[in-house]
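# give me a model of this one.
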Amino acid sequence: MATTTKRKEAILLSDQDFNTFSNPFDQFENWFEFIQGFEQEKQHTDSISTDIQPYIMTVATYNKETGFPNARNVLLKSFDKEGQKFVFFTNYESKKGNEIFSNDNKIALLFYWQSDLGGMQVRIQGIATKEDERKSDTYFKSRPVGSQIGATISKQSQILSSKQDLLDQFQTMMQSSQSNSIERPTNWGGVCIAPKRFEFWHSGQYRLADRIVYEWDSEHNSWNKYRVYP
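Residues are numbered from 1 along each chain as shown. Here you go, the predicted structure:
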């Protein structure tokens with residue numbers, strides 16, 4: 001029987017607020033690693049696999065032309081405590097890309113996980129910038145060829161006449177790429193989010209959830225932390 005290491009203990013948002021981390025990246029890492037361990041544990045103990053997918057996050061943007069917000073799920077590629085950033089990859093000319101970079105680079109992220117400790121949610125507001133081109137190149141080349149082709153041929157968010165048209169483009173490029181390497185499209189790459197605000201939420205009995213907010217204080221170069229009503 002396969003064995004797993006003991007999963008990391010989650011630091012929860014108890015009444016002793018200042019037992020939580022002073023840096024929200026440490027708090028996020030703790031919860032993220034706890035959920036990863038919970039997912040692995042469930043895979044080994046459940047006859048039916050529970051697909052928690054810790055890396056899924058919702059990206060929310062605002063469309064100035066329509067006046068509506070937009071939200072969609074993407075995959076978190078990495079988060080960096082030292083660089084204090086979150087990274088995902090996308091088409092810069094997609095609806096999300098245009099809405100990010102035409103709205104003062106403002107963006108919001110949402111993670112939600114369900115575990116044996118109840119619901120755990122992290123909301124983040126921050127400023128987005130494009131990832132360094134060399135890093136985007138490196139990640140692009142690490143992807144399967146099919147994924148490279150998909151990113152290259154997709155005019156993301158634009159009208160597509162038919163699925164067959166997309167498949168035909170894919171097959172054509174697949175054949176031509178057998179003898180040629182695929183270069184990363186200049187309109188595809190990483191998006192780095194520098195958070196300005198975190199909110200950690202943990203479900204509670206009678207809807208008395210715990211909510212701890214961290215806000216970046218640029219004047220003092222530090223994070224302010226406080227509790228808010230559920």
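
# go through this protein and flag its longest helix.
helix 24-45 (DSSP state H).

# so Y229 touches R211, yeah?
Yes. Y229 is within contact range of R211, at 7.4 Å (criterion: Cβ atoms under 8 Å). (Each C-beta comes from the backbone N, C-alpha and C, glycine too.)

# which stretches of the chain have low pLDDT?
1-9, 11-19, 43-51, 179 (pLDDT under 70).

# the helices in it, which residues?
Using DSSP H, helices in the chain cover 24-45, 95-101, 133-142, 145-153, 163-176.

# excluding sequence neighbours, find me the nearest residue to E39.
I52 (4.3 Å; Cβ to Cβ, 6 or more residues apart in numbering).

# quick one: that neighbour from A10, how far?
To A10, I52 is 14 Å away according to Cβ to Cβ, to the nearest Å.

# quick one: common contacting residues for those two?
S115 (Cβ atoms under 8 Å, 6 or more residues apart in numbering).

# which residues touch L166?
I153, S154, L160.

# highest neighbour count among the residues you listed?
S154 (18 neighbours; other Cβ atoms under 10 Å).

# what residue is smack in the middle of the chain?
The structure's the chain has its C-alpha centroid closest to L76; by Cα atoms, centre = their mean the separation is 3.3 Å.

# what sits against L208?
P230.

# sorry, slip of the keys, the one I care about is N105.
I127, A128, T129.

# relative to F34, how far out is it?
Counting by Cβ to Cβ, the gap from N105 to F34 is 31 Å.

# now for the nearest residue to Q36 once chain neighbours are set aside, how many residues are close by?
Leaving out its chain neighbours, the residue that sits closest to Q36 by Cβ to Cβ, 6+ apart is P54, at 5.3 Å. By the measure other Cβ under 10 Å, the count of residues near P54 is 17.

# surely P54 meets W113?
Yes. Here P54 reaches W113: they are 6.5 Å apart, a contact under Cβ under 8 Å.

# give me the common contacts of these two.
The contact lists of P54 and W113 share I35, where a contact means Cβ under 8 Å, 6+ apart.

# what's the angle between the biggest strand by length in the chain and helix 24-45?
Selection of the longest strand in the chain by residue count, based on DSSP state E, yields strand 188-202. Counting by axes from the mean of the first three to the mean of the last three Cα atoms, to 10 degrees, strand 188-202 lies at 90 degrees to helix 24-45.

# so what strands line up beside strand 188-202?
strand 85-91 (antiparallel), strand 118-130 (antiparallel), strand 210-217 (antiparallel) (DSSP bridges).

# need these in CSV with mean neighbour count, can you?
Listed next are the strands paired with strand 188-202 as CSV, based on neighbours: other Cβ atoms under 10 Å:
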stretch, mean neighbour count
strand 85-91, 20
strand 118-130, 18
strand 210-217, 18
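
# want to throw those strands into a markdown table with distance to G67?
Shown next, in a markdown table, are the strands paired with strand 188-202 (distance: least, Cβ to Cβ, whole Å):
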| stretch | distance to G67 |
| --- | --- |
| strand 85-91 | 23 |
| strand 118-130 | 19 |
| strand 210-217 | 27 |
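
# out of those, flag the one nearest K42.
strand 118-130 (14.8 Å; Cβ to Cβ).

# related to what we said a few turns ago, buried deepest among the helices of the chain, which one?
By mean neighbour count, with neighbours taken as mean count of other Cβ atoms under 10 Å, helix 95-101 ranks first of those at a mean of 20.

# contacts for stretch 191-201?
13, 20, 24, 27-28, 31, 84-90, 97, 100, 107, 109, 119-131, 209-216, 228.
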